[in-house]
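Colleague: test case, fold it:
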Amino acid sequence: MLPFAIFAGLAFTIPYALTGVFLGPELPSLGGGLIGLAIVTSAARMGFLLPKTTWDFAPTDKWPAEWLGTVEMKLDQLTAKPMSALRAWLPYVLVGALLVISRVFPEVSTALKAVMLNFPDLLGETGIGANFQPLYLPGGILVTVVLATFFFHGMKLRELGSAVKESSGVLLSAGFVLLFTVPMVRILINSGVNAAELSSMPILMARWAADSVGAIYPLLAPSVGALGAFIAGSNTVSNMMFSQFQFGVASSLGISSALIVAVQAIGAAAGNMVAIHNVVAASATVGLLGREGSILRKTVWPTLYYVLFTGLIALFAVYVLGISDPLMVS
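Modeller: Numbers count the residues shown, from 1 in each chain. Now for the predicted structure:
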């Protein structure tokens, strides 16, 4: 399976990189995933690079106990509305198309950005505020596609209500953590706004880390991202918490800040494999509730692999290849 596995990896990473270069930083995960999925599934149907000897799992009654959780999923008892593959995939394609259109065409972007909710001076006369554009954000586009899918799939109001209820429950359980982590991140970032003109907490921590660890820091940078994801259960929150810190360390050491922040994101993605929230959610999805400990003992090894080799690659990139920031003017 090694040739097919390498092919599958390239089918994702090459479109991922090209999407980031030509369409911007907001779409690589979506573009790489959708394009890679189409390439890999088509290749698998044609038997491209697949081994001639096929393999499958043993019958369910012969599975070891750790493969079974407290919830038994009986797929044969599930009923679904029959529909074509095109109709089933249409919402995902529509999300991708709307995201690309909203980012690539300036006229569309300007129209969507015109609707803005602004919250100035949240803490009095501090100058600290926030704003967001609901129609331009990916979340707004997702809501638009949900409403369109209601008509495309011929759903009933009862079915839409059931779907909204189920997804809202998942959203609230996952979003509850954000009620605490996001304010904490904003306090860390805005701690530099003070009458004493002191540096923000991430910058001070970065200076301490640079002085304590020194030039070997790129090896440890992915571990910081993984730790943040393990604690918060989110790649995004980890990046929010530690990106400014990682940027500050890189600036203090005089190495590529763009590379170190990218390494932070890779480490945070790897940390998702051992994040308790994600393990519990995944266990519930596949019917393995009660087996979280067993899953963690298995996922910790690929996490360590990602973190270690990403750090080694970062060291090589900084001190052997001499990679600098892409926007740095010499």
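
Colleague: how close does residue 131 sit to residue 111?
Modeller: Note on residue 131: its distance to residue 111, by CB to CB, to the nearest Å, is 17 Å. To be clear about C-beta, it is placed using only N, CA and C from the backbone, and glycine gets the same treatment.

Colleague: between these two, tell me which one has more neighbours.
Modeller: Higher neighbour count among residue 131 and residue 111: residue 111, with 13 against 9, using other CB atoms under 10 Å.

Colleague: now the element after the helix or strand hosting the more buried one, going C-ward?
Modeller: Residue 111 is part of helix 106-113 when elements are defined by DSSP states H and E. On the C-terminal side of helix 106-113, the nearest following helix or strand under DSSP H and E is strand 117-119.

Colleague: could I get the average pLDDT for the next helix-or-strand element following that next one?
Modeller: Under the assignment DSSP H and E, the closest C-terminal helix or strand after strand 117-119 is strand 130-132. Averaging pLDDT along strand 130-132 gives 82.

Colleague: what helices or strands is strand 130-132 leaning on?
Modeller: With contacts defined as 3 or more CB pairs under 8 Å, 6 or more residues apart in numbering; DSSP states H and E, the packing partners of strand 130-132 are strand 117-119.

Colleague: give me the contacts around the strand it packs on.
Modeller: 129-134 (CB atoms under 8 Å, 6 or more residues apart in numbering).

Colleague: ok, and the most crowded of these?
Modeller: Note: the member of these with the most neighbours is residue 133, at 15 neighbours, neighbours being other CB under 10 Å.

Colleague: residue 325 contacts residue 256, correct?
Modeller: Yes: in terms of CB atoms under 8 Å, residue 325 counts as a neighbour of residue 256; the distance is 5.1 Å.

Colleague: more neighbours, the two?
Modeller: Neighbour comparison, residue 325 and residue 256: the larger count goes to residue 256, with 22 against 15 (by other CB under 10 Å).

Colleague: distance of the residue nearest to residue 50 when sequence neighbours are not counted from residue 47?
Modeller: In this structure, residue 50 finds its nearest non-sequential neighbour in residue 4, 5.8 Å apart by CB to CB, 6 or more residues apart in numbering. Using CB to CB, one obtains 10 Å as the distance from residue 4 to residue 47.

Colleague: more neighbours: which of these two?
Modeller: When residue 4 and residue 47 are compared on other CB under 10 Å, the one with more neighbours turns out to be residue 4, at 16 against 10.

Colleague: okay, and the more buried one sits in which element?
Modeller: Residue 4 belongs to helix 2-23, assigned by DSSP H and E.

Colleague: buried residues in whichever helix or strand comes after that helix?
Modeller: Of the helices and strands lying after helix 2-23 in sequence (DSSP H and E), the nearest is helix 28-46. In terms of neighbour count (16 or more other CB atoms under 10 Å), helix 28-46 has its buried residues at 28, 30-36, 39-40, 43.

Colleague: now do stretch 266-282
Modeller: 266-275, 277-280, 282.

Colleague: residue 184: neighbour count?
Modeller: 13.

Colleague: what residues are up against it?
Modeller: By CB under 8 Å, 6+ apart, residue 184 lies in contact with residue 241.

Colleague: that one is in what secondary structure piece?
Modeller: When the helices and strands are read off by DSSP H and E, the one containing residue 184 is helix 157-190.

Colleague: tell me the angle of the helix or strand just after that helix relative to helix 157-190?
Modeller: Tracing the chain C-terminally past helix 157-190 and defining elements by DSSP H and E, one meets helix 201-213 next. When axes from the mean of the first three to the mean of the last three CA atoms, to 10 degrees is applied, the directions of helix 201-213 and helix 157-190 differ by 60 degrees.

Colleague: buried ones in helix 201-213?
Modeller: Buried residues in helix 201-213, counted by 16+ other CB under 10 Å: 201-203, 205-206, 209-210.

Colleague: how much space between the nearest residue to residue 16 once chain neighbours are set aside and residue 267?
Modeller: With CB to CB, 6+ apart as the criterion, residue 16 has its nearest non-adjacent residue at 3.0 Å, and that residue is residue 32. Plainly put, residue 32 is 19 Å away from residue 267 if you go by CB to CB.

Colleague: next one: residue 299
Modeller: The spacing between residue 299 and residue 267, counted by CB to CB, is 15 Å.

Colleague: do the same with residue 290
Modeller: 29 Å.

Colleague: before we move on, back to that, the helix holding residue 4 - contacts with which helices or strands?
Modeller: Identification of packing neighbours for helix 2-23 by 3+ CB pairs under 8 Å, 6+ apart yields helix 28-46, helix 85-104.

Colleague: now do the helices in the stretch 201-330 of the chain.
Modeller: According to DSSP state H, counting those that start in this stretch, the stretch 201-330 of the chain carries its helices in the segments 201-213, 217-232, 235-253, 257-271, 276-285, 292-319.
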